[in-house]
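Undergrad: need a 3D model of the following:
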Amino acid sequence: MSNVKYLILRRISQVTLLVLYFGANAYGWKMLAGTMSSSSVLEKIPLSDPFAVLQMLAAGAVLTFDMILGAMIIVLFYAIIGGRSFCSWVCPVNMVTDAANWLRRKLYMDKIERKVWMSRNIRYYMIILALIVSFVSGLAAFEIISPITILNRGVVFGFGAGAGLLAAIFLFDLFVLKNGWCGHICPLGGVHSIIGKYSLIRVKHNSDNCTLCMKCKEVCPEVQVLDMIGKRSEFVVKQECTNCGRCVDVCNDDALSFNIRNYLKQ
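TA: Alright, predicted model coming up:
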């Protein structure tokens, strides 16, 4: 159980959110209503996706106070506490990409040399592109094609043609590029990387305990953030870390653990 603790907790978090969204539409539950782009908690606390709000602003939409407040709440939470944890603890597409990468490992596909290469900075260019297209078109561009929105709405209202995009992401991660969508392309992941750059909760590496088994690097979706393994004891400070806990789960040396970053000692 210990080697899948954070995996189980993440799945509980992701599935619970989808159930609450479904229940709000089907049964009138009040705990969490709306979608991941715009929600309300108990009909009192607004929550807004800051990237969706930026796109709407670029498109020329008039923003309500609740939308601005909801975006500020989300930004403050992930900036101070969560880091980029939205991608691994909230986003439902993570379950699709995790399934693809689990199957990759089972089929030993990571051992096959592949010629496909993509810069992990593409996600940041996608942010700019989405804002430009939103400005030109007058629509929140990424929201129209966002697999997050498609999956979220699919669970609540039923799947349509958008399910094909989710299948394409699964196949892309399975056959073309490991962690291709979340680790290279998704602009929302880029936004949360920027927001959570200085967050407090981080994975910490203890090099004294590390036996260099490298299991952490086998499962990490953003392997570049573990550049300190085998070299030095320090927090994982690179902003792309999703705080998913995969590395902590597989580490049998107690060399990796969640901790609170202490800026006073840095």
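Undergrad: what distance do you get for Cys244 to Arg10?
TA: Distance, Cys244 to Arg10, by C-beta to C-beta, to the nearest Å: 7 Å. Where C-beta positions appear, they are placed from N, C-alpha and C, glycine not excepted.
Undergrad: next SSE after the one helix or strand in the chain whose mean pLDDT sits lowest?
TA: Evaluated with mean pLDDT, DSSP states H and E, the helix-and-strand set of the chain has its lowest mean pLDDT in helix 147-157, which scores a mean of 87. As assigned by DSSP states H and E, the chain's next helix or strand after helix 147-157 is helix 163-171.
Undergrad: quick one on the thing from earlier: common neighbours of Cys244 and Arg10, please.
TA: Ser88, Trp89 (C-beta atoms under 8 Å, 6 or more residues apart in numbering).
Undergrad: what does Ile260 show for phi and psi?
TA: Per-residue torsions, Ile260: phi -100, psi 120 (degrees, to the nearest 10).
Undergrad: neighbours of Met31, how many?
TA: 14 (other C-beta atoms under 10 Å).
Undergrad: could you do Ile229 as well?
TA: So Ile229, with other C-beta under 10 Å, has 22 neighbours.
Undergrad: equivalent analysis for Gly164, please.
TA: 11.
Undergrad: okay, it: pLDDT?
TA: Gly164 is assigned a predicted lDDT (pLDDT) of 90.
Undergrad: just the one 3 residues further on next, same as before
TA: Predicted confidence (pLDDT) at Ala167: the value is 93.
Undergrad: gap between it and Asp173?
TA: Distance from Ala167 to Asp173, counting by C-beta to C-beta: 11 Å.
Undergrad: out of the two, which sits in the busier spot?
TA: The residue with more neighbours, out of Ala167 and Asp173, is Asp173; 25 against 11, by other C-beta under 10 Å.
Undergrad: give me phi/psi at that one?
TA: phi -70, psi -30.
Undergrad: please name the residues that touch it.
TA: Val96, Thr97, Ala100, Asn101, Arg104, Asn179, Gly180, Trp181 are the contacts of Asp173 under C-beta under 8 Å, 6+ apart.
Undergrad: so which of these is the most crowded?
TA: Thr97 leads the contacts of Asp173 on contacts (other C-beta under 10 Å) with 26 neighbours.
Undergrad: separation between that one and Phe170?
TA: For Thr97, the distance to Phe170 - C-beta to C-beta - is 7 Å.
Undergrad: what do you get for Asp249?
TA: 22 Å.
Undergrad: with Val156 instead?
TA: 21 Å.
Undergrad: how many neighbours does the closest residue to Asn179 other than its chain neighbours have?
TA: Of all residues not flanking Asn179 in the chain, Pro221 sits nearest, at 4.4 Å (C-beta to C-beta, 6 or more residues apart in numbering). The burial count assigned to Pro221 is 22, neighbours taken as other C-beta under 10 Å.
Undergrad: quick one, phi/psi of Pro221?
TA: Main-chain torsions, Pro221, degrees, to the nearest 10: phi -80, psi -10.
Undergrad: would you confirm that Ser257 contacts Lys204?
TA: Yes: judged on C-beta atoms under 8 Å, Ser257 makes contact with Lys204 at a distance of 5.9 Å.
Undergrad: the more surrounded of these two?
TA: Higher neighbour count among Ser257 and Lys204: Lys204, with 18 against 14, using other C-beta under 10 Å.
Undergrad: what's the burial count for the residue lying closest to that one once chain neighbours are set aside?
TA: Closest residue in space to Lys204, ignoring its immediate chain neighbours: Asn259 at 4.2 Å, by C-beta to C-beta, 6+ apart. The tally of other residues near Asn259 (other C-beta under 10 Å) stands at 14.
Undergrad: ditto for Cys251
TA: Neighbour count for Cys251, taken as other C-beta under 10 Å: 23.
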